[in-house]
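**Q** got a sequence here, can you model it:
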Amino acid sequence: MFIKSAVTSTYSPTGSRNFFINLLKKSTTLSHLSQTHAQIILNGFHNDLSTVTKLTHRLFDLKATSYARHLFLSIPNPDLFLFNVLIKGFSNAHSISFYTHLRKCTQLNPDNFTYAFAIASASTLKDETVGILLHEHAIIDGYGLDLFVGTAVVDFYFKIWRVDLARKVFDKMSAKDTVSWNSMISGLVKICCFEDAIQFFSDMLKDGRIRLDSTTVASVLPAVAELQDLNLGMEVQCLAVKLGFHSYVYVLTGLISMYSKCGEIEAAKLLFGEIGRPDLVSCNAMISGYTSNGESECSVRLFKQLLGSEEKVNSSTIVGLIPVFSPFGYLDLINCIHNFSVKSGIVSQSSVSTALITAYSRLNEIESARMLFDESSEKTPASWNAMISGYTQNGLTEEAISLFQEMQMSKVSPNPVTVTSILSACAQLGALSMGKWVHGLVKSKNFESNIFVSTALVDMYAKCGSIKEARQLFDLMLMKNVVTWNAMISGYGLHGQGQDAFRLFSEMSHSGVTPNGVTFLSLLYACSHTGLVKEGEEIFHSMVHSYHFEPLAEHYACMVDLLGRAGQLEKALKFIKEMPVEPGPAEWGALLGACMIYKDKKLARVASERLFELDPENVGYFVLLSNLYSAEKNYPLAASVRQDVKKRKLSKIPGCTLIEIGETPYVFTSGDRSHPQASAIYAMLEKLIREMKEAGFQTETDTALHDVEEEEKELMINVHSEKLAIAFGLIATEPGTEIRIFKNLRVCVDCHTATKFISKITERIIVVRDANRFHHFKDGVCSCGDYW
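**A** Sure, this is the predicted structure:
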C-alpha cells in the first residue's frame with residue numbers, strides 16, 4: 001500500500017535509483033522500509049551502494065540495528081561511506097568491530113569521519129584503552145589535528161575524566177570552531193569543573209573570532225547554576241537577549257534551572273510562563289526548581305498536571321521530583337515516589353534509583369538505600385558512588401570501604417567521585433594504608449589533576465596523621481579552590497599547628513581565594529587547640545565585621561571552647577549570654593567540657609542544667625558531669641548522675657582504638673582479650689607499667705568508678721583500649737617504627753600521661769588521633785603541650 005501511494009505521488013520511473021532514495025526518505029516505519037527494501041531487490045538495486053547506504057541510514061534512524069547489520073553483511077564490497085554509517089549508527093562495541101574489520105579485511109583507509117564516529121563509540125565502553133588506541137591510530141594516519149576528530153577526542157577524554165588530555169588535544173587543534181569550544185565547556189560542566197567551564201566561556205568571548213551560538217549559552221548555564229553565581233547568570237541572560245537566543249526553549253530552560261538553583265524561584269516561574277507550550281524538558285526543569293527551593297507541593301502539582309495531560313514522564317521528571325538535596329521531612333513523599341517508580345517501571349533507570357539511594361542515605365535510611373542498590377538491575381558508576389557516599393556520610397566507613405572493594409571486583413572502573421568518597425571514608429577511619437593504596441589508584445588513573453581528588457588526598461593524609469605528606473601534595477597542586485585551602489588549614493588545626501594555619505590563611509588571602517564559613521571555623525578550631533586566644537578573637541571579629549559572615553552555632557561553640565580551654569570560664573559564659581541568637585547544645589557543651597578541665601563545679605552545674613533541657617538524650621554530658629564530681633571526690637553526686645543515666649536508659653558510646661599493622665586494621669576495646677596475641681599484649685602492658693612507675697608515672701584514677709578499691713581502679717584504667725593498641729603496636733612492629741592509633745573518644749588524662757612515658761621508655765614516636773585532635777608523642781613530650 002505504501003509503495004502504491006508513493007508511486008502515484010512521484011513522476012520518476014520506479015526503476016531509478018533516485019526514486020528509491022526518495023522513497024526511503026519518506027519511510028516513517030520499519031514496515032515501510034521493509035516494503036521498500038523488497039522493491040529495491042526486485043528492481044536490482046540491492047548491491048547499489050548509494051541506495052543500500054541510504055537504507056542502512058534510515059534503519060538506524062528507526063533503531064533497527066539488527067536489520068542494518070544483516071543488510072551490511074549482504075553487501076560484497078561496501079565502501080568507506082557505508083562503513084562510516086555503520087560505525088556511527090551502532091555507537092557501541094559493534095562499531096569498534098566494524099572499524100577493526102575495515103582496517104584488517106579491506107583495502108579501504110579510515111578518514112576523519114571514521115575516526116570521529118569510532119572514538120565517539122569508544123566512549124560508551126568500559127575499557128577506556130580502546131578510545132586511547134583509536135586516538136593514536138588517528139594521529140598516525142594524519143588526523144590528529146583534524147577539527148572533527150579533535151572534537152570527538154575531547155568529548156571522549158571528558159567521558160573518562162581525563163580533563164588534562166582533553167585540554168591538551170583542544171590546545172593543539174589548529175583551527176577551533178564554535179562546536180569545539182562548546183565541547184570543552186559542556187565537557188567541563190559534566191565533570192563538575194564549573195569554574196573552568198566559565199573561564200573557557202570567558203576566553204571564547206574574548207577571542208572575538210569565534211561566533212557564540214545558542215548551544216554555547218545553554219552549555220555554560222549549568223556551570224553558573226551549580227556555582228549559584230546569580231550576577232553572572234543575569235549577564236549570560238543579557239547576552240542571550242542581545243544575540244537573539246533568549247526565546248529559544250532550551251535556553252529558557254537553562255535559565256529556569258539557573259534561577260532556581262540561585263534561589264530565585266519567582267524569576268524561574270516568570271521564565272517558565274514565557275514558554276508558550278512547555279515541553280517535557282522545561283517542565284522537568286521547573287519541577288526540579290520547585291523541589292530544590294522547598295516547594296515540593298508545587299512540584300507535585302506540576303507533576304500531576306503532566307500525568308493528567310497524558311504526557312509521558314521520564315527519568316529526569318522523577319529525579320527532579322525527589323528532594324535529594326534537602327530530603328528532611330519528606331520521607332513519606334520519597335516513599336511515594338519510590339512506589340510510583342516501581343509500578344511504572346521507571347525505577348530501572350539508573351538515574352532514578354541513584355537519586356532515591358542518595359535521598360534515603362541522607363535521611364539515614366541506609367537499609368532502604370542498600371536494598372534499592374542491591375535490587376538495581378544496572379549498577380552504573382553513579383549508583384556505586386551514591387551507595388559508597390551514603391555509607392561514608394553516615395559514618396559507616398568500613399561498609400564504604402568494603403563496597404568499594406566489591407566495586408573493584410565487579411570490574412566497574414572508579415571515577416573521581418568514587419575516589420573522593422572512599423578517601424573521605426579512609427580519613428574518617430584513619431585507614432592510612434588503604435588511603436595510600438587509593439592514592440596509587442589515583443596515579444594509575446591520572447586523576448591527580450582533578451581538584452576534588454587532590455583536595456580529598458590532602459584531607460585524607462592530614463586526618464590520618466601525615467601532615468607533612470598533606471602539605472607536600474597541597475604545594476604540588478596547580479589549582480586550589482576554597483575547599484582545598486580549608487582542608488589544609490583544618491589539617492593544621494587538627495595537629496595543633498595554629499601558627500601554620502594562620503600563615504596558610506595569609507597565603508590564601510593573597511592568592512585571591514575568598515574564605516568561607518568553613519575557613520573561619522577551621523581557624524577558630526586551630527586557635528582553640530593551640531591556646532591562641534587573642535588571634536581567635538581577632539579572626540572572629542574579622543569574620544563578622546570585615547567579611548560580613550553570619551556566625552553559625554559551630555563558630556560560637558568554637559569561641560566558647562577557645563575561651564574555656566584557656567581557663568577564661570567567666571568570659572566564656574559572658575560570651576554565651578551575649579550571643580545574638582539563642583545558645584544551643586554546642587555552646588553549652590563546650591563550656592561544660594572546659595569546666596571538666598578546670599574542675600569548676602559551679603559553672604558545670606549551670607551548663608549541664610541547660611544541656612539536660614536542650615539535649616536530654618546525649619549521654620556524653622552526663623558522663624562529663626559525673627567525671628567532674630568523681631575527680632573532686634564528690635562520689636554521692638557522681639553516683640546520682642550515673643543513676644539518672646540508668647533511669648533515662650541512656651548508654652555511653654564504648655571507647656575503641658584502631659591500629660593498622662601493615663595493611664590490616666585491628667580494633668581494641670577496654671579490657672579486650674579477644675585478640676589471638678592477647679597474652680603477649682598484656683605481658684607487654686605489664687612490663688611497660690613497671691618501667692613507667694620506675695620512671696615516676698602515677699596512675700590517674702580520679703574519674704574511675706568510686707565504689708571500687710583504688711587497686712581495682714588502677715587495673716581498670718590500665719587496660720584502656722589505647723594502651724592495649726600501643727602494646728600490640730610495640731610487639732607487632734620493628735624497634736624504632738612509628739606507631740599510629742585512632743581513638744573514637746577523647747583520650748583520657750591517664751592514657752595521655754602514660755603515652756608520654758611510653759614514648760620515652762621505648763624511644764618510639766607515637767601518633768594518637770582522638771575525637772578532638774592529633775597528639776604526636778616523642779621523648780616523653782606531646783605536641784599538644786597537655787592542652788587538649
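
**Q** which ones are touching the closest residue in space to Leu504 that isn't next to it in sequence?
**A** Counting by C-beta to C-beta, 6 or more residues apart in numbering, Ile489 is the residue found nearest to Leu504 once chain neighbours are left out, at 5.4 Å. (Glycine included, C-beta is placed from N, CA and C.) By C-beta atoms under 8 Å, 6 or more residues apart in numbering, the contact list for Ile489 reads Ala501, Leu504, Phe505, Met508, Thr519, Ser522, Leu523, Ala526.

**Q** pretty sure the last one contacts Tyr492?
**A** Yes - with contact taken as C-beta atoms under 8 Å, Ala526 and Tyr492 are classed as touching, separated by 5.9 Å.

**Q** hmm, back to that, would you agree the residue nearest to Leu504 falls within a helix?
**A** Yes - checked against DSSP: H, G, I helix; E, B strand; the rest coil, Ile489 lies within a helix.

**Q** and the pLDDT at Asn634?
**A** Asn634 is assigned a pLDDT of 65 by the prediction.

**Q** name the residues that touch the helix or strand harbouring Ala526?
**A** Taking DSSP states H and E as the criterion, Ala526 maps to helix 517-528. Residues from elsewhere that reach helix 517-528 (C-beta under 8 Å, 6+ apart): 482-483, 485-486, 489-490, 492-494, 496-498, 501-502, 505, 508, 532-533, 535-536, 539-540, 543, 547, 549, 552, 554-555, 558-559, 561-562, 565.

**Q** show me how to select, in ChimeraX, the buried members of these.
**A** Filtering the contacts of helix 517-528 down to the buried ones (16 or more other C-beta atoms under 10 Å) takes a single ChimeraX command:
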select :483,485,486,489,490,492,493,494,496,497,498,501,502,505,508,532,533,535,536,539,540,543,549,554,555,558,559,561,562,565
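
**Q** how near is the closest residue to Asp111 other than its chain neighbours to Asp141?
**A** Sequence neighbours aside, Leu80 is the residue nearest to Asp111 in space, at 6.4 Å (criterion: C-beta to C-beta, 6+ apart). Distance from Leu80 to Asp141, counting by C-beta to C-beta, to the nearest Å: 13 Å.

**Q** what do these two both touch?
**A** With C-beta under 8 Å, 6+ apart, Leu80 and Asp141 have common neighbours Asn109, Pro110.

**Q** residues shared between the contacts of Ala526 and Tyr492?
**A** Gly498, Ala501.

**Q** in the stretch 601-750 of the chain, which spans are helices?
**A** Assigned by DSSP state H, counting those that start in this stretch, the helices in the stretch 601-750 of the chain fall at 601-614, 619-631, 635-647, 678-694, 710-718, 721-732, 749-762.

**Q** ok, the stretch 51-200 of the chain next?
**A** 65-73, 80-90, 93-105, 112-122, 129-140, 147-159, 163-172, 178-190, 194-207.

**Q** list the buried residues for the longest one?
**A** Just to be clear, that refers to helix 194-207. Phe194, Glu195, Asp196, Ala197, Ile198, Phe200, Phe201, Met204.

**Q** try the first one
**A** Along helix 65-73, these residues count as buried under the neighbour rule (16+ other C-beta under 10 Å): Thr65, Tyr67, Ala68, Arg69, Leu71, Phe72.

**Q** next up, the contacts around the third one.
**A** Taking C-beta under 8 Å, 6+ apart as the criterion, Ala68 is in contact with Thr56, Leu59, Phe60, Leu86, Gly89.

**Q** let's see 10 Å
**A** By C-beta atoms under 10 Å, 6 or more residues apart in numbering, the contact set of Ala68 is 55-62, 85-86, 89-90, 94.

**Q** could I get these as TSV with neighbour count and pLDDT?
**A** Putting those into TSV (neighbours: other C-beta atoms under 10 Å; pLDDT from 0 to 100) gives the following:
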residue	neighbour count	pLDDT
Leu55	25	90
Thr56	23	91
His57	18	89
Arg58	22	89
Leu59	26	91
Phe60	17	90
Asp61	13	89
Leu62	16	87
Val85	24	94
Leu86	27	92
Gly89	24	93
Phe90	20	92
His94	16	91
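
**Q** looking at the helices of the stretch 51-200 of the chain, which is closest to Gly390?
**A** helix 178-190 (22.5 Å; C-beta to C-beta).

**Q** and that closest one, what does it pack onto?
**A** helix 147-159, helix 163-172, helix 194-207, helix 214-227 (3 or more C-beta pairs under 10 Å, 6 or more residues apart in numbering; DSSP states H and E).

**Q** rebuild those as JSON lines, extending it with mean pLDDT and distance to Thr36.
**A** As requested, the helices and strands packed on helix 178-190 are arranged in JSON lines below (pLDDT from 0 to 100; distance: least, C-beta to C-beta, whole Å):
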{"stretch": "helix 147-159", "mean pLDDT": "94", "distance to Thr36": "31"}
{"stretch": "helix 163-172", "mean pLDDT": "92", "distance to Thr36": "42"}
{"stretch": "helix 194-207", "mean pLDDT": "93", "distance to Thr36": "45"}
{"stretch": "helix 214-227", "mean pLDDT": "96", "distance to Thr36": "35"}
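
**Q** so which of these is nearest Lys778?
**A** Among the helices and strands packed on helix 178-190, helix 163-172 sits nearest to Lys778 (C-beta to C-beta), with 40.3 Å.

**Q** helices and strands around that closest one, which ones?
**A** Using 3+ C-beta pairs under 10 Å, 6+ apart: helix 163-172 touches helix 129-140, helix 147-159, helix 178-190, helix 194-207.

**Q** chain center to that helix, what's the gap?
**A** 25 Å (C-alpha atoms, centre = their mean, to the nearest Å).

**Q** residues in contact with it: which ones?
**A** Contacts of helix 163-172 (C-beta under 10 Å, 6+ apart): 132, 135, 144-145, 149-160, 162, 176, 180-181, 183-184, 187-188, 191, 193, 196, 200, 416, 446-451.

**Q** among the contacts of helix 517-528, which are in strands?
**A** Taking DSSP state E, every one of the contacts of helix 517-528 sits outside strands.

**Q** return the subset of the contacts of helix 517-528 lying in helices.
**A** 482-483, 485-486, 489-490, 492-494, 498, 501-502, 505, 508, 533, 535-536, 539-540, 543, 554-555, 558-559, 561-562, 565 (DSSP state H).

**Q** re the thing from before, what's the spacing between the residue nearest to Asp111 and Leu102?
**A** 8 Å.

**Q** got it, and Asp600?
**A** 83 Å.

**Q** just put the helices of the stretch 601-750 of the chain in a markdown table and tack on distance to Val313 and mean neighbour count.
**A** Shown next, in a markdown table, are the helices of the stretch 601-750 of the chain (distance: least, C-beta to C-beta, whole Å; neighbours: other C-beta atoms under 10 Å):
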| stretch | distance to Val313 | mean neighbour count |
| --- | --- | --- |
| helix 601-614 | 44 | 18 |
| helix 619-631 | 47 | 21 |
| helix 635-647 | 52 | 14 |
| helix 678-694 | 60 | 15 |
| helix 710-718 | 63 | 15 |
| helix 721-732 | 54 | 24 |
| helix 749-762 | 59 | 20 |
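
**Q** switch those over to CSV; also include distance to Ile366.
**A** Formatted as CSV, these follow (distance: least, C-beta to C-beta, whole Å):
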stretch, distance to Ile366
helix 601-614, 27
helix 619-631, 22
helix 635-647, 28
helix 678-694, 33
helix 710-718, 35
helix 721-732, 26
helix 749-762, 32
